[in-house]
Structures are given as structure tokens and as C-alpha cells.
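Visitor: one predicted model, sequence on top.
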Amino acid sequence: MPELPEVETVRRTLAPHLTGKSIDSFELRWHRTLQRPSLNDFTFAVVGRTIVDVGRRGKLVVMTLDDRSTITVHLRMTGELLFLSKRSSERDDARENHLRAIFGLSHGTELCFYDTRKFGKISWYPFDPASGFDQHIGLEPLADTFTADALASVLSTRHRLLKPLLLDQSVVAGLGNIYVDEALFRSRLHPLSIASALSHEQVEALHEAIVTLLSRAVESRGTTLRDYRSGLGDVGSYQHALRVYGTPAGSPCPECGSTLERLVIGQRGSIFCANCQVRVTRD
């Protein structure tokens, strides 16, 4: 599933091509891709509008229109937003069965949403600063407001296992299985630690690991393990820098040589080194 670095890369590659373009048409090919509102209301709201900004919030690509309403796209597991400079003619015929939605744009261009597994979602929200689309989304890890103190404030009141908590999008936005496993390994914290039991020094180490990891992954245009592509169809390269994620249990730890272990925590597989990563529990 694309996580923050992948979605940020999609945003960065799409922004120069979408900003200033008007939406001339919208075609929906899989009805469940459109989450809200109805197709008629969505089409009425977006066709004729101009895209003035392409942003990101957590794992959402956010396109702001000239009336300050927003279109959000959640890529989920296999979603891909692809900009084409010529309508129809540049589409890959072999992938036509996976094409779920098409935005016809000005100057003969289009934005296609491909999604093999059909879990991706497109939504439209009117401008409403009091109750917008992101009111239940947590701390933004690459924002200036994401400090060690801010993270400590959130973790100190949560008596939950650390791994599932970091995957909770209402706590920290944009993290998924890849970068949580990597951040916990780099900060030497066991995934079964209790969040509220972490010392301030441990929170600082976790904060530094998250920010550094995500920043480097964005610089590498994300991690491509199978489906992920940028907004122009390019693959990422950060998969070559992963330390533990994707490594089979029983492999040697890249730090100490001990055997890596695997647990299913909160229905998600977790790979870690029990020797390097300290399990912090309640006193």
C-alpha cells in the first residue's frame, strides 16, 4: 500500500501538470471508486472547475479547486494516479480493465485512476474549515509542527501497543507497515512496547527515525515493491535502502547478526530484532 513517501511523490510529480488545468469531464468506470457524493453531484461539482493546488494530507492526494472545494484520492493498496499528455492515445491497452476513473483535463490531457484491487477511493468535499475531510487525520510527520514534544504528547496518553498505534491514521498520518517497521528498527524499539511507557529519549529517537526515514524515502521517490508508480509512471528506489521490511524471518539482523523474528500484531506482519529492539512495558 502506498504510504506517505509514495503519495508525496505522486503529489510532486502531478502538481506541475495539474495546477491550472480545468476539469472538462469525468468518467467513472467502477462505481465503488467514488466514495462521496453521488456521481451526478460529483460531476456537477467538479466539471468546469480549475485545479489550483495539488497537496497531500497523510495518505491522501488532495486537489484543491478554484471554489476552494477539494477532491481527495486514496490510493489504498494498488491505486495509481497517472497523468497523460494526450487523452486516450497514451493509455496502456493492457491495463484498460483496471482503469476506474478518468478526469478529462484542458489542453487535451487527462488524469487516469488505475486500481487493480478496486479498494481506492475518490471523494469531493465542499469548502468547510470547521469539518473538512482531514478532521480525523493525525499528526503530519513532515510538517514543522511534528516535533518530538508533539509526538510525546500523543504517545503519553495512549496505553496501546506501539506498532498498531503508529499505524493509526488518527494518531500519526501517512505511516504504514513498511515505514513503521523501519522506524522501530532504527529507533531500537520493540513493536510490542507500550506507547505511554516510552521515555522522552526513546520518543526523541523514534521521532528522529520517522522524520529521517520519510525524508530519505521521498528523496528516493518512494518504495516500489510491486504496484506503486509516481504520477508519471516512474518507480521508486527506496526499497534498496530498507533494513528489515520484506526480510524473511530467520534472516540475520543487519545490525547485530541475531535472528530476525516475525509476529502478527494487530493483523499486520511485523519483522524485528528482539536483541536490538527494546520492549518497553508499564512499570
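Guide: The structure has been received and is ready for your questions.

Visitor: what helix or strand is residue 269 on?
Guide: strand 268-272 (DSSP states H and E).

Visitor: and that strand, which strands flank it?
Guide: Each strand paired with strand 268-272, and its direction, by DSSP bridges: strand 261-265 (antiparallel).

Visitor: coming back round to it: quick one: the strand holding residue 269 to chain centroid distance?
Guide: Chain-centre distance of strand 268-272: 18 Å, with Cα atoms, centre = their mean, to the nearest Å.

Visitor: which SS state does residue 54 fall under?
Guide: strand (DSSP: H, G, I helix; E, B strand; the rest coil).

Visitor: gap between it and residue 177?
Guide: Distance, residue 54 to residue 177, using Cβ to Cβ, to the nearest Å: 26 Å. Placement of C-beta: from N, CA and C, glycine included.

Visitor: I'd like to know how far residue 138 sits from residue 199.
Guide: With Cβ to Cβ as the criterion, residue 138 and residue 199 are 22 Å apart.

Visitor: try residue 275
Guide: Residue 275 is 20 Å from residue 199, by Cβ to Cβ.

Visitor: which of these two has more neighbours?
Guide: Of the pair residue 275 and residue 199, residue 275 is the one with more neighbours under other Cβ atoms under 10 Å, namely 15 against 10.

Visitor: the longest helix in the protein is where?
Guide: Ranked by number of residues, the top helix in the chain under DSSP state H is helix 200-219.

Visitor: helices or strands up against that helix?
Guide: Counting contacts by 3 or more Cβ pairs under 8 Å, 6 or more residues apart in numbering; DSSP states H and E, helix 200-219 packs against helix 4-18, helix 148-155, helix 177-186.

Visitor: residue 227 belongs to a strand?
Guide: No - per three-state DSSP, residue 227 lies outside any strand segment and is coil.
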